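S.K.: Kindly generate the corresponding structure for this input.
(chains A and B)
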Amino acid sequence: MKKLLEISLGVVTSVGGFLEVGSMATAAQAGALFGFQLIWAVVLGTICIIFLVEMAGRFAAVSHHTIADGIRERFGFNAFIWPLIATLLVNFLVLSAEIGGVAIAAELATGIGFQWWALPAAFLAWLLLWKGTFGLIEKGVSMLGLVTLSFVVAAVMLRPEWKEVAVGAVPSLPRHDTAKYWFMAVSILGASISPYLFMFYSSGAIEDQWDKSYLGTNRAIAGLGMSFGGTISVGVLIVAALVLGAHGVTEVDDYNQLPLMLIPIFGFWGFVLFVASLAIACFGAALEVALQQAYLVAQGFGWNWGEDLKPRDDPGFSLVYTLTLFLAAVPITLGLDPLKLTIFSMALTAASLPLTVVPFLFLLNDDRYVGEHRNGVVSNAAVIFVIALGFVLAVVSIPLQIFGGT
Amino acid sequence: MQLLRDILDKQVVDREQVKIGKVDSIVAELKPGKPPRVSAVELGSIALARRLGSTPARWTAKLAAGLSGKQQARPHRITWNKVRDIGVDIEFDIDVRRTRIFAWQDWLRDHVVGRIPGA
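M.R.: Numbers count the residues shown, from 1 in each chain, chains lettered A, B, ... in the order given. From the prediction side, this is the model:
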């Protein structure tokens, strides 16, 4: 019973991590322009992240090390510095985009321009990290995240042709806007396979003091939680295809178009639900990304870390998330378009994947860390596939950004 | 045991399991007619910067000396005979509060973090 409760909590938590401004924006754009055709990218991204998250959790539970610890110790500092810099940079952009998402939700709700909301949003997030515990952040915020299920409800209520949805789950070649199609596929993959997600997950496993008895729980949470998150993304895509596409909005380049999505189904409440979903999903993700920045730096340099400690007991750690949060609010305060930033940072995330995923192949096959719980053939095949995919994404994302970006 | 594989870059904890840093370099002693002996490990940004090259090392040492005085221009050393346990982490029989390793974190606590309400 206790395990069951833990699993359901974990599933809810991973939804909080999975669904953020990136997956919502990319799914909405893809649905509006290409109908159901890009569902396969969400499905593929979800399968990849299930494997990576399961491995990150298993690694932490068995070795009591986070993935960042493992990379530093196994490959040495001179190698670790590359994923460190790349991840810090990408996370910073993603954090900025999440703060932008919260700010847009606040603008939609109040009519006051989004620039004014970035710093208050960052402050609120900082306050929660400063005073709160890991459990509060993990469970409290993600419980609220269940409001995003309204996209799944809406998708079902719109009665899509399920046969067409299934066809969309199989990759196919674009019939128009070829460069844009592939750019969106890359952005969706980047939004689903985020390094911050699996790195945060491994830090969380240490914070929650997982050991080998959690391996089953870990597998269930990774599989169910990420599929649940992926389902909501597909929900967003279906709603965007049926509502935005049908109203002739094919080009989602202005965030003011987004709240239209839920209005045909829920009326005025659709607007409220959309704003709440956007605000909560982005706020939850902002908390996680800011924490992940601090985890990454503290673990990389071996400092004391832990969200349950008081800031005065880990001053270095708490200063990192404080600085990151406020610096990340600056671009939005200066008026940078959050939607553009989101799409850009998702493509960049995809490009940075090889740096963080290649180490999985070594760490999860190293007896000294994982012993008998090392990767089997299936997991190794999955890592090799993600690495190959990562390299392709890294090579194509920049040119596609130029030719297919909005 | 292999030094580079099992010691370098490992997490260092003190006798109270406080995480104090990573093994950023290993100091070995050479005496004529004897095999080299590990005498200490070094921690901190200067030791780390040395591994990236001589230019980063010089700059970091200058920065550290400028920020916190001449005595901080060299990396922190823990002598090898203090080692207690080599496992997932490497435990040394020291008390971090009696070293200068956390001087910058203490400074942060006293001057920045501690002044923010709720810390």
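S.K.: Make sure I have this right: residue A:55 is in a helix.
M.R.: Yes. Residue state for residue A:55 (DSSP: H, G, I helix; E, B strand; the rest coil) corresponds to a helix.
S.K.: Would you mind measuring from it to chain B?
M.R.: For residue A:55, the distance to chain B equals 18 Å [Cβ to the nearest Cβ, to the nearest Å]. C-beta here means a position set from N, CA and C on the backbone, and glycine is covered the same way.
S.K.: so that residue touches residue A:386, yeah?
M.R.: No. Counting by Cβ atoms under 8 Å, residue A:55 does not reach residue A:386; the two are 10.1 Å apart.
S.K.: So these two - more neighbours on which side?
M.R.: Using other Cβ atoms under 10 Å in any protein chain shown as the criterion, residue A:55 and residue A:386 rank with residue A:55 on top: 27 against 24.
S.K.: what does stretch A:161-171 rub up against?
M.R.: Among residues not part of stretch A:161-171, those counted as contacts by Cβ atoms under 8 Å, 6 or more residues apart in numbering or on different chains are A:35-41, A:43-44, A:234, A:238.
S.K.: shared neighbours of residue A:55 and residue A:386, anything?
M.R.: By Cβ under 8 Å, 6+ apart, residue A:55 and residue A:386 have these common neighbours: residue A:360.
S.K.: so how far is stretch B:69-82 from its chain's centroid?
M.R.: Centroid displacement of stretch B:69-82 relative to its chain, using Cα atoms, centre = their mean, to the nearest Å, is 7 Å.
S.K.: list the buried ones in stretch B:13-33?
M.R.: B:13-14, B:18-27 (16 or more other Cβ atoms under 10 Å in any protein chain shown).
S.K.: and stretch A:240-256, which residues are buried?
M.R.: A:240-245, A:249, A:252, A:255.
S.K.: What about the buried residues of stretch B:13-33, which are in strands?
M.R.: Of those, the ones assigned to strands by DSSP state E are B:13, B:19-22, B:25-27.
S.K.: With distance to residue A:151 and pLDDT as extra columns, can I get those residues in TSV?
M.R.: Putting these into TSV (distance: Cβ to Cβ, whole Å; pLDDT from 0 to 100) gives the following:
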residue	distance to residue A:151	pLDDT
B:13	46	91
B:19	41	87
B:20	47	89
B:21	45	89
B:22	44	91
B:25	52	91
B:26	54	92
B:27	58	92
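S.K.: phi, psi of residue B:40?
M.R.: The phi/psi pair for residue B:40 (degrees, to the nearest 10) reads phi -160, psi 170.
S.K.: hang on, isn't it packed against residue B:27?
M.R.: Yes. Contact criterion Cβ under 8 Å: residue B:40 and residue B:27 qualify, at 4.2 Å.
S.K.: which of the contacts of stretch A:161-171 lies closest to chain B?
M.R.: Using Cβ to the nearest Cβ, residue A:44 is the member of the contacts of stretch A:161-171 that lies nearest chain B, at 34.6 Å.
S.K.: Apart from its neighbours in sequence, what residue is nearest the closest one?
M.R.: Distances taken as Cβ to Cβ, 6 or more residues apart in numbering or on different chains put residue A:189 closest to residue A:44, at 6.8 Å, once the chain neighbours are dropped.
S.K.: what does residue A:348 give?
M.R.: Nearest non-adjacent residue to residue A:348, counting by Cβ to Cβ, 6+ apart: residue A:90, 5.5 Å away.
S.K.: Residue A:68 falls within a helix, correct?
M.R.: Yes. Checked against three-state DSSP, residue A:68 lies within a helix.
S.K.: How about the contacts made by it?
M.R.: Neighbour list for residue A:68: A:84, A:199, A:202-203, A:295-296, A:299-300 [criterion: Cβ under 8 Å, 6+ apart].
S.K.: if we go to 7 Å?
M.R.: Applying Cβ atoms under 7 Å, 6 or more residues apart in numbering or on different chains to residue A:68 gives the contacts A:199, A:295-296, A:299-300.
S.K.: what do you get for residue A:190?
M.R.: Going by Cβ under 7 Å, 6+ apart, residue A:190 touches A:346-347, A:349-350.
S.K.: can you tell me which of these lies nearest to chain B?
M.R.: The nearest member of the contacts of residue A:190 to chain B, counting by Cβ to the nearest Cβ, is residue A:349 at 25.9 Å.
S.K.: and the residue most central in space within chain B, what are its phi and psi?
M.R.: Residue closest to the average C-alpha location in chain B (Cα atoms, centre = their mean): residue B:43, at 1.6 Å. When read as degrees, to the nearest 10, the backbone of residue B:43 gives phi -130, psi 150.
S.K.: what mean pLDDT does the helix or strand encompassing residue A:236 have?
M.R.: Applying DSSP states H and E as the criterion places residue A:236 in helix A:226-239. Averaging pLDDT along helix A:226-239 yields 93.
S.K.: That one packs against which elements?
M.R.: Applying 3 or more Cβ pairs under 7 Å, 6 or more residues apart in numbering or on different chains; DSSP states H and E, one finds that helix A:226-239 contacts helix A:2-18, helix A:21-34, helix A:39-63, helix A:150-157.
S.K.: quick one, it and helix A:39-63 angle?
M.R.: Calculated by axes from the mean of the first three to the mean of the last three Cα atoms, to 10 degrees, helix A:226-239 forms an angle of 160 degrees with helix A:39-63.
S.K.: buried stuff in the helix or strand just after helix A:226-239?
M.R.: Later in the chain than helix A:226-239, the nearest helix or strand by DSSP H and E is helix A:263-266. Across helix A:263-266, burial judged by 16+ other Cβ under 10 Å covers A:264-266.
S.K.: and if you look at stretch B:50-65?
M.R.: Judged by neighbour count (16+ other Cβ under 10 Å), stretch B:50-65 contains these buried residues: B:50-51, B:57, B:60-61, B:64.
S.K.: now the contacts of stretch A:161-171 in TSV, with neighbour count and distance to residue A:211?
M.R.: Converted to TSV, the contacts of stretch A:161-171 look like this (neighbours: other Cβ atoms under 10 Å in any protein chain shown; distance: Cβ to Cβ, whole Å):
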residue	neighbour count	distance to residue A:211
A:35	21	47
A:36	22	43
A:37	24	44
A:38	27	40
A:39	28	38
A:40	17	37
A:41	29	36
A:43	21	33
A:44	20	32
A:234	23	35
A:238	26	40
